[in-house]
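**Q** Give me the fold of what follows.
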Amino acid sequence: MIAAIKDPGSNTRGLLAYLYGPGRHDEHRDPHIVAGFAMLAMPDPGREEQATLTQLARYLDEPVHLRNSEVGLKLTNHVWHCPVRAAPEDRYLSDTEWADIAHRIVQTAGIAPDGDDLACRWIAVRHADDHIHIVATTVREDGRRPKLHGSGRRVATACRQIEKDYGLRQLKPGDGTAAKRPTQAEMHKAERLGWKQTSRAWLEDRIRDAIPHAAGIEEFLAYLQADGVEVNIRRLPSGDLKGYSVARPGDLKADGTPNYLSGSKIAPDLSLPKLQALLATSALEEHPTARRNRHSTSWQRTTDALDALHLAETDGDTRDSALAQAQITALGDIINATAQTAPEGLRAELRAATRAVARAQRSQVRADHRTAADLRRAARDILRAGDGPGGNALTVLIAALVWAAVLAGRWHQARGHHQQAHAANLAVQHLQGAYDQAAAEHLAALAHRQPTQETINDLAHDLRAAIPDHAARILADPTWPALATVLADAEASGHQPRQLLTEAAARRELATARQPAKILLGRIQHTSRNPKPNRAADAARLRTTRPVAPTLGTVQPALAHQSGLNPQRRKR
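**A** You can find the predicted model right below:
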């Protein structure tokens with residue numbers, strides 16, 4: 001159940017005309033009052049032939065007019081309006097039930113506290129099965145103004161309890177950091193203009209797309225303009241930025257001027273101060289992993305950076321929390337960058353994951369973005385690389401993103417950030433969908449060249465020894481033949497299959513995994529993509545540089561054992 005308190009208005013009669021009218025699309029049916037202040041004395045134009053909207057408006061405005069006459073000033077913005085809507089899947093609620101819900105909301109908001117005979121005048125109008133509109137005038141019978149500060153949070157809490165009491169769909173409690181929902185007017189305008197998104201949603205997508213590209217606030221604004229967004233920049237006399245607002249081309253006000261929205265009106269984390277703090281950590285520097293591993297691609301370096309996430313290690317320490325929130329914010333940038341550069345067939349799922357994880361990128365925890373600068377540079381590495389990765393690098397990266405999003409959801413859930421945890425879990429579903437698409441061809445190729453049955457049996461033995469609790473599920477997983485191929489390839493590169501399985505299982509719990517073999521495969525492919533350094537093998541290669549090369553028969557079995565290779569598994 002959602003109760004959306006609107007900005008205060010000043011025209012009681014005009015609002016009533018809308019509530020009792022046909023609606024913008026003839027959707028209003030049988031408008032009538034289900035609850036209100038002093039019901040016996042209140043005219044209801046929906047039930048009484050002689051009652052008029054003007055009479056009802058005067059009745060609600062009477063304390064306001066009395067206060068204006070006594071004070072000598074005209075009070076404006078005195079109309080309090082709160083639509084209350086049930087979820088589409090909720091059961092039908094009777095007028096009596098809606099009346100009880102309305103009473104509970106005005107009591108919680110401070111409009112009409114329980115037992116207060118001098119409270120504000122209010123009504124609840126029902127003109128549809130699934131919602132009501134509560135209208136109040138914010139002058140009490142004693143001439144004082146009600147205490148409405150924090151009413152939005154209190155009403156949201158009341159709605160969560162109402163959902164439990166009436167057996168309705170239970171929404172996740174918020175923390176005041178959610179983005180503003182599109183208004184009915186915005187949705188109708190988008191429909192009228194043939195747009196799939198409201199201007200607010202369209203602008204949020206463009207702003208979030210620009211963030212990974214930018215190394216500073218000026219570059220961010222320039223990218224927005226280059227992307228076709230109308231940007232209004234306000235500066236101080238010194239030339240420093242004072243603020244910014246954006247508009248969608250074609251979205252005009254009644255006077256024909258662009259309908260600009262400030263970043264903070266689109267989402268709390270898109271205000272100028274928040275973006276300046278975020279982008280101040282994005283100065284162009286060589287990625288530290290790149291210095292260590294210059295031959296690796298930007299996609300591989302990003303996967304390495306994701307491996308360094310500390311979300312699972314954080315506790316209640318403020319510094320750890322600031323680090324974790326910063327890493328989750330950077331994770332959203334990496335998902336966004338991946339969506340912008342991935343093959344066309346994967347972009348729908350990755351774009352949906354980007355939109356979902358945006359809610360997890362902000363909470364009441366203040367992020368220390370300096371601690372996640374490496375992750376943010378990794379996102380920019382992907383964008384600057386331009387074209388997509390070769391081989392299975394993208395598949396491995398998406399697998400790493402899935403696990404990082406899982407960790408983000410758990411971190412939020414452990415701290416009571418229910419909406420953020422839900423958003424992260426939704427992102428996991430979309431990322432998993434992208435992974436399934438990206439991996440399909442690659443997995444088929446791996447399964448086609450699976451090793452010999454003898455080698456598979458040896459690998460199955462390693463699996464049972466390394467992960468005994470999940471071995472049966474993994475061996476029954478359709479992806480097991482492909483995983484066996486990856487393990488055999490890794491062994492040929494000098495890795496120990498049993499050790500790889502143990503390490504991969506330690507990094508990703510498998511109890512909740514749909515296909516545990518697929519999870520292990522992505523992790524092991526990333527870990528084993530480079531040959532493992534081995535002093536014994538290096539010494540053997542050095543000996544082959546002598547004038548007389550040794551024959552195959554001179555390679556001792558002991559050397560093969562020291563190097564981690566099993567001579568019995570070399571036949572593929």
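
**Q** Number of residues surrounding the closest residue to residue 201 other than its chain neighbours?
**A** Closest residue in space to residue 201, ignoring its immediate chain neighbours: residue 182 at 6.6 Å, by Cβ to Cβ, 6 or more residues apart in numbering. To be clear about C-beta, it is placed using only N, CA and C from the backbone, and glycine gets the same treatment. By the criterion of other Cβ atoms under 10 Å, residue 182 has 16 neighbours.

**Q** Assign a three-state SS to residue 182, would you?
**A** coil (DSSP: H, G, I helix; E, B strand; the rest coil).

**Q** OK, contacts around residue 308?
**A** residue 374 (Cβ atoms under 8 Å, 6 or more residues apart in numbering).

**Q** Could you report the distance from it to residue 522?
**A** 17 Å (Cβ to Cβ, to the nearest Å).

**Q** ok so, going back, need the contact list for the residue nearest to residue 201.
**A** 198, 200-201.

**Q** Mind checking which of those residues are buried?
**A** Among the contacts of residue 182, the ones that count as buried by 16 or more other Cβ atoms under 10 Å are 198, 200-201.

**Q** Tell me the one of the residues you listed nearest residue 344?
**A** residue 201 (21.5 Å; Cβ to Cβ).

**Q** And the pLDDT at the closest one?
**A** Note on residue 201: pLDDT of 95.

**Q** same question, residue 285
**A** pLDDT at residue 285 comes out at 51.

**Q** what's the answer for the one 3 residues further on, then?
**A** Among the per-residue scores, residue 288 holds a pLDDT of 47.

**Q** now residue 377
**A** pLDDT at residue 377 comes out at 88.

**Q** Can you report how many residues lie near it?
**A** Residue 377 has 27 nearby residues by other Cβ under 10 Å.

**Q** Residue 443 now?
**A** 23.

**Q** Spatially nearest residue to it, not counting backbone neighbours?
**A** In space, residue 443 is closest to residue 482, 4.6 Å off (Cβ to Cβ, 6+ apart).

**Q** what's next to whichever strand or helix holds that neighbour, contact-wise?
**A** Per DSSP states H and E: residue 482 is located in helix 480-492. If you take Cβ under 8 Å, 6+ apart as the criterion, helix 480-492 is touched by 443-444, 446-447, 449-451, 455-456, 459-460, 462, 474, 477, 497, 500-501, 517-518, 520-521, 524-525, 527-528, 564-566, 569-570, 572.

**Q** Contacts only, for residue 281.
**A** Neighbour list for residue 281: 369-370, 372-373, 376 [criterion: Cβ under 8 Å, 6+ apart].

**Q** Using ChimeraX, define a selection of the buried residues within the residues you listed.
**A** Listed next is the ChimeraX selection for buried residues among the contacts of residue 281, using 16+ other Cβ under 10 Å:
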select :369,372,373,376
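
**Q** so which of the contacts of residue 281 comes closest to residue 331?
**A** Residue 331 lies nearest to residue 372 out of these, by Cβ to Cβ, at 8.7 Å.

**Q** how about low-confidence regions in the protein?
**A** The model of the chain has pLDDT under 70 over residues 25-26, 40, 282-297, 310-318, 386-391, 508, 529-572.

**Q** Centre-most residue in it?
**A** residue 357 (2.0 Å; Cα atoms, centre = their mean).

**Q** would that one count as being in a helix?
**A** Yes. Counting by three-state DSSP, residue 357 is part of a helix.

**Q** Give the closest residue to it in space, chain neighbours not counted.
**A** residue 427 (4.1 Å).

**Q** wait, isn't that neighbour in contact with residue 360?
**A** Yes. Taking contacts as Cβ atoms under 8 Å, residue 427 lies within contact range of residue 360: 7.1 Å.

**Q** Kindly point out which residues are neighbours of both of these two.
**A** With Cβ under 8 Å, 6+ apart, residue 427 and residue 360 have common neighbours residue 408.

**Q** Looking only at neighbour counts, state which of these two leads.
**A** residue 427 (30 against 27).

**Q** in the helix or strand hosting that one, what's buried?
**A** If you go by DSSP H and E, residue 427 is part of helix 418-448. Residues of helix 418-448 classed as buried by neighbour count (16+ other Cβ under 10 Å): 418-428, 430-439, 442-443, 446-447.

**Q** Next, residue 343: phi, psi?
**A** phi -60, psi 150 (degrees, to the nearest 10).

**Q** Now for it, how many residues are close by?
**A** Neighbour count for residue 343, taken as other Cβ under 10 Å: 13.

**Q** any idea how far it lies from residue 471?
**A** For residue 343 relative to residue 471 (Cβ to Cβ), the value is 34 Å.

**Q** all strands of this structure, in order?
**A** 2-3, 32-36, 79-85, 121-126, 131-137, 230-235, 241-247, 261-262 (DSSP state E).

**Q** quick one: which of these is nearest residue 71?
**A** Among the strands of the chain, strand 131-137 sits nearest to residue 71 (Cβ to Cβ), with 15.3 Å.
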